[in-house]
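> A predicted structure for the sequence below; I have some questions about it.
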Amino acid sequence: MPTLQPITSRRAIQEYHRFRHAIYSTSGQRGFLSSAVGIDVDEFDRNALHFGWYEGGRLVGCVRLIDPVKGPFALHCFKDLPGPVGLDLGHALLREARDRGYRVCEVGRLCLAPDHRSPAQVRSFVLAIIAAAHRHGRDHCLFSCDRPHAAFWRRMGFRQVPGLEAYANPRASRPTCLMQGHYHQLLALHRTELQRLGLAQLLRPAA
């Protein structure tokens with residue numbers, strides 16, 4: 001089974017950005033690419049943790065966890081929220097989580113190699129992300145997805161944000177949905193499976 005590892009070396013980072021571009025450029029997400037020259041880098045990368053899903057040394061998946069930034073769009077997914085009302089709702093969710101003492105991140109740039117997209121592999125990938133996010137101190141997440149994929153995320157324990165269940169997104173090929181999840185709840189929901197997959201060691205030690 002692949003393992004999810006932080007990407008830190010310069011060589012691995014370059015491979016990761018090329019992998020992101022290769023996956024997005026052949027999908028309905030190509031509108032999100034920052035460049036057409038074979039590498040995907042944007043202004044949120046410097047404020048994110050980057051992870052690669054490796055199998056036998058081969059990069060077969062990746063994800064980034066973005067910490068909120070200062071500015072009109074605290075998270076990448078906020079750039080596409082529908083108008084001032086949608087953006088206000090997004091920032092209100094962020095403030096609410098912070099007021100509760102939660103460290104919030106955006107889960108983004110989820111990419112999988114075409115030969116690693118079976119339902120079981122996708123589920124294992126998401127569980128590895130949940131474990132890694134918790135291990136690295138994140139408590140709560142927000143992210144956007146294509147509306148048809150929302151059912152999968154609900155099955156995994158994430159929730160759709162009321163009022164942002166299906167909004168037009170000029171960069172996406174289908175309507176977009178804003179999702180959120182709380183890692184402590186997700187861990188409780190999936191603890192048995194995390195242990196079975198050998199991911200329990202990635203969990204944050206109890207305080």
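Arrived safely, thanks for sending.

> C-alpha from now on. contacts and neighbour counts both.
Noted.

> What segments of the protein are helices?
Remark: helices assigned in the chain by DSSP state H are 10-25, 83-99, 119-135, 150-155, 183-196.

> Now do the buried residues in the third one.
By neighbour count, and taking 16 or more other C-alpha atoms under 10 Å as the criterion, the buried residues in helix 119-135 are Ser124, Phe125, Leu127, Ala128, Ile129, Ile130, Ala131, Ala132, Ala133, His134, Arg135.

> which ones are touching the most centrally placed residue in the chain?
Closest residue to the average C-alpha location of the chain: Val107 at 2.2 Å, with C-alpha atoms, centre = their mean. The contact partners of Val107, by C-alpha atoms under 8 Å, 6 or more residues apart in numbering, come to Val63, Arg64, Leu65, Ile66, Cys141, Leu142, Phe143.

> For it, name its beta-bridge partners.
Beta-bridge partners for Val107, by DSSP bridges, are Leu65.

> on that earlier part again, ok, the buried residues of helix 119-135 vs Arg58, which is closest?
Phe125 (14.8 Å; C-alpha to C-alpha).

> how many neighbours does Gly86 have?
A count of nearby residues for Gly86, using other C-alpha atoms under 10 Å, gives 17.

> Surely it touches Leu164?
Yes - the criterion here is C-alpha atoms under 8 Å, and Gly86 meets it with Leu164 at 7.3 Å.

> Just the CA trace of stretch 147-167, in PDB.
Listed next in PDB are the C-alpha coordinates belonging to stretch 147-167 (Å, rounded to 0.1, in the frame of the first residue of the first chain):
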ATOM      1  CA  ARG A 147     -20.900  18.700  -7.000                       C
ATOM      2  CA  PRO A 148     -21.100  15.000  -8.200                       C
ATOM      3  CA  HIS A 149     -18.300  14.100  -5.800                       C
ATOM      4  CA  ALA A 150     -20.000  15.500  -2.700                       C
ATOM      5  CA  ALA A 151     -21.800  12.100  -2.100                       C
ATOM      6  CA  PHE A 152     -18.400  10.400  -1.700                       C
ATOM      7  CA  TRP A 153     -17.100  13.100   0.700                       C
ATOM      8  CA  ARG A 154     -20.300  12.800   2.800                       C
ATOM      9  CA  ARG A 155     -19.800   9.000   3.000                       C
ATOM     10  CA  MET A 156     -16.300   9.800   4.400                       C
ATOM     11  CA  GLY A 157     -17.800  11.900   7.100                       C
ATOM     12  CA  PHE A 158     -17.400  15.400   5.600                       C
ATOM     13  CA  ARG A 159     -20.400  17.900   5.500                       C
ATOM     14  CA  GLN A 160     -21.600  20.200   2.800                       C
ATOM     15  CA  VAL A 161     -21.800  23.800   3.700                       C
ATOM     16  CA  PRO A 162     -25.400  25.000   3.600                       C
ATOM     17  CA  GLY A 163     -26.000  27.600   0.900                       C
ATOM     18  CA  LEU A 164     -22.900  26.500  -1.000                       C
ATOM     19  CA  GLU A 165     -24.000  23.000  -2.100                       C
ATOM     20  CA  ALA A 166     -23.900  23.700  -5.900                       C
ATOM     21  CA  TYR A 167     -22.500  27.000  -7.200                       C
END
